[in-house]
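Engineer: Have a look; sequence and predicted model below, questions after that.
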Amino acid sequence: MSETQEIIISVNEAQIQQDGISVVSDLHFNIREGEFVYLIGKTGSGKSSILRSLYADLEVLEGQISVAGYQVDAILRNEIPFLRRKLGIIFQDFELFTDRSVEENLKFVMKATGWTDNQKITDRVLEVLAKVGLNGIEKKMPHQLSGGEQQRVVIARALINNPLVILADEPTGNLDPTVANDILDLFIEINKEGTAVLMGTHQHNFLKKFPARVLFCDNGIVKDVPKGMVLKKIVN
């Protein structure tokens, strides 16, 4: 990763609060354009809270967080939708509307983020579905899809507005290992095309398959893992 590439996420001395309790403190890290970063740590270590703070879903008590040109620690409520249009946000539990088709799920997000031309909306739906390997499923309902297919729809949804960075919170946590590896391959391809990825994950085997920068979260403290350090020594 070149030092000349623009920093798109900058976190400096940040303290994050959830339900009135500080969950992460003295948080420092930067992520640059096109970078792939794993965020690892045990359950309850603060991974999800960090990701939520980046898209302004949790309060920043102290310090500074800048994401895609927005100062998140001081962001106004009416600015949050504009911040999120620059991000692709992916959850473990899909969060698809179960009473709407795949196409309707994607179109809902598009209209909510400012798309108005119906033909362009339809074309983009087909484009992002093709990108994630789901040609021809736009009329299906979520319950007609496998878990892996549903997660691909979620990734397609995240790609709609050509995000600068994808924030993925345990995106393979509910999938079997073979499907999880397929989803990782998809993230790798998206990253190779220039989109930065910050992925919270428990699946440490991913680091062997696709070595990349690692941020380790433990008891509310996040550290960059030095290259070459054995992962087992970090998590045990």
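Structural biologist: Good, I have the coordinates.
Engineer: okay, CA-based contacts and neighbour counts for the rest of this
Structural biologist: Fine.
Engineer: And the longest helix along the chain, how far out from the chain middle?
Structural biologist: Among the segments of the chain that qualify as a helix by DSSP state H, the longest is helix 177-192. Distance of helix 177-192 from its chain centroid, counting by C-alpha atoms, centre = their mean, to the nearest Å, is 13 Å.
Engineer: Adjacent strands (with direction) for whatever helix or strand comes next after that helix?
Structural biologist: Next in sequence after helix 177-192, counting helices and strands by DSSP states H and E, comes strand 196-200. If you go by DSSP bridges, strand 196-200 pairs up with strand 36-40 (parallel), strand 165-169 (parallel).
Engineer: Redo the ones you listed as JSON lines? Include distance to Gly194.
Structural biologist: Listed next are the strands paired with strand 196-200 as JSON lines, based on distance: least, C-alpha to C-alpha, whole Å:
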{"stretch": "strand 36-40", "distance to Gly194": "10"}
{"stretch": "strand 165-169", "distance to Gly194": "9"}
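Engineer: Which stretch among those strands approaches Gln92 most closely?
Structural biologist: Closest to Gln92 of these is strand 165-169 (C-alpha to C-alpha; 6.0 Å).
Engineer: hmm, who's touching the closest one?
Structural biologist: Here strand 165-169 makes contact (C-alpha atoms under 8 Å, 6 or more residues apart in numbering) with 8, 33-34, 47-48, 51, 86-92, 158, 195-201.
Engineer: what is the mean pLDDT for the longest helix of the chain?
Structural biologist: Across helix 177-192, the average pLDDT comes to 93.
Engineer: And for stretch 157-174?
Structural biologist: In this model, stretch 157-174 carries a mean pLDDT of 93.
Engineer: first vs last residue of that stretch, how far apart are they?
Structural biologist: 18 Å (C-alpha to C-alpha, to the nearest Å).
Engineer: Stretch 138-155 now?
Structural biologist: From start residue to end residue, stretch 138-155 stretches across 14 Å - C-alpha to C-alpha.
Engineer: and Ile9, what is it in contact with?
Structural biologist: Phe29, Asn30, Ile31, Arg32, Ile65, Ser66, Val67, Ala68.
Engineer: Just the buried subset of the residues you listed, written out for ChimeraX, thanks.
Structural biologist: In ChimeraX, this line selects whichever of the contacts of Ile9 come out buried by 16 or more other C-alpha atoms under 10 Å:
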select :31,32,65,66,67,68
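Engineer: Next step: the contacts of Ile9 restricted to strands.
Structural biologist: Counted as lying in strands by DSSP state E, out of the contacts of Ile9, are Phe29, Asn30, Ile31, Arg32, Ile65, Ser66, Val67.
Engineer: can you give me the strands for this protein?
Structural biologist: For the chain, applying DSSP E gives strands covering 7-18, 21-32, 36-40, 59-67, 70-71, 87-90, 165-169, 196-200, 213-218, 221-224.
Engineer: Which of those strands sits closest to Gly147?
Structural biologist: Comparison of the strands of the chain against Gly147 by C-alpha to C-alpha identifies strand 87-90 as nearest, at 13.9 Å.
Engineer: possible to save the contacts of Ile9 as a markdown table with distance to His143 and pLDDT?
Structural biologist: Shown next, in a markdown table, are these (distance: C-alpha to C-alpha, whole Å; pLDDT from 0 to 100):
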| residue | distance to His143 | pLDDT |
| --- | --- | --- |
| Phe29 | 39 | 93 |
| Asn30 | 39 | 94 |
| Ile31 | 36 | 96 |
| Arg32 | 37 | 96 |
| Ile65 | 38 | 96 |
| Ser66 | 38 | 96 |
| Val67 | 34 | 96 |
| Ala68 | 34 | 94 |
